[in-house]
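Q: Okay, sequence plus prediction incoming.
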Amino acid sequence: MKDTIRCSWAGEKPHMVRYHDQEWGKPVHRDRKHFEMLLLEGAQAGLTWETVLRKRTGYRKAFAGFDPKKVARFTVSMKAALMKNPDIIRNRLKIDSAVTNAQAFLAVQDEFGSFDAYVWSFVGGEPIVNQWTRMKDVPATNVVSDTLSKDLKKRGFRFVGSTIIYAYMQAIGMVNDHLEACSFR
């Protein structure tokens, strides 16, 4: 598109542009996609989103297509094998948290019927649509991410601090932080 305007963070790299244009800020209502984005956002801690996005295919393969039922059953030996997998971020705490989070994810599904119902209840089922004009105005957290983060931690989730959860909320469309001038708002 000739006159397409994007949020500046997307840059010009095809995988980043594709993610910005096709996924970021679009409401997600499939539990497996929720699990994928929780796992990937947790893996990002201390790294760039580009690093994680480049390894997404490796994560999909290594983490059973982001099936939380399968990931919840990963054994010690399976986790040890993941530590040798160059297609993912080889961090023991992040790998362990993926398994712990899968177990907690399943418990939330049992309690609420779906993870989707649980997570969207924090915004009353509707996305928060912000009106930012500059990227520097986009916050790293908000009251909802603080509240959701605390609740997730209480339920046994790890790598779910408020900043990670705000990025997750942006990724799954609970928060639409596309700038006002962005063509994909």
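A: Okay, I see it. Computed from a predicted structure; not experimentally measured.
Q: where in this structure is pLDDT low?
A: Across the chain, residues meeting the criterion (pLDDT under 70) sit at 1-2.
Q: residue contacts, the spatially most central residue of it?
A: Of all residues in the chain, the one closest to the mean position by C-alpha atoms, centre = their mean is residue 37, 2.9 Å from it. Applying C-beta atoms under 8 Å, 6 or more residues apart in numbering to residue 37 gives the contacts 28, 168, 171, 172. Any C-beta I mention is one placed from the backbone N, CA and C, and that applies to glycine too.
Q: does it count as helix, strand or coil?
A: Secondary structure assignment for residue 37 (DSSP: H, G, I helix; E, B strand; the rest coil): helix.
Q: any idea how far residue 29 is from it?
A: Distance, residue 37 to residue 29, by C-beta to C-beta, to the nearest Å: 12 Å.
Q: Next: residue 18.
A: 21 Å.
Q: Could you give the number of residues near residue 9?
A: Neighbour count for residue 9, taken as other C-beta atoms under 10 Å: 15.
Q: looking at this, it is in a helix?
A: Yes - the assignment for residue 9 is a helix, going by three-state DSSP.
Q: OK, contacts around it?
A: Counting by C-beta under 8 Å, 6+ apart, residue 9 touches 16, 20, 135.
Q: Of the residues you listed, which is the nearest to residue 125?
A: Closest approach between the contacts of residue 9 and residue 125, by C-beta to C-beta: residue 20, at 24.6 Å.
Q: Pull the number of nearby residues for the residue found closest to the closest one once you drop the neighbours it is linked to in the chain.
A: Among residues not flanking residue 20 along the chain, residue 10 sits closest, at 3.7 Å (C-beta to C-beta, 6 or more residues apart in numbering). The number of residues packed near residue 10 is 17, by other C-beta under 10 Å.
Q: show me what contacts residue 10?
A: Going by C-beta under 8 Å, 6+ apart, residue 10 touches 16, 17, 19, 20, 21.
Q: Can I have the buried ones of those residues as a ChimeraX selection?
A: Selection of buried members from the contacts of residue 10 for ChimeraX, criterion 16 or more other C-beta atoms under 10 Å:
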select :16,19,20,21
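Q: Go through the contacts of residue 10 and say which is closest to residue 106.
A: Nearest to residue 106 among these, counting by C-beta to C-beta, is residue 19 at 27.1 Å.
Q: so the closest one makes contact with residue 54?
A: No - with contact defined as C-beta atoms under 8 Å, residue 19 does not count as touching residue 54 (10.7 Å).
Q: Could you pull up the residues touching the residue lying closest to residue 28 once chain neighbours are set aside?
A: Spatial nearest neighbour of residue 28, chain neighbours left out: residue 172 (3.9 Å); criterion: C-beta to C-beta, 6+ apart. Each residue near residue 172 by C-beta under 8 Å, 6+ apart is listed here: 27, 28, 33, 34, 37, 119.
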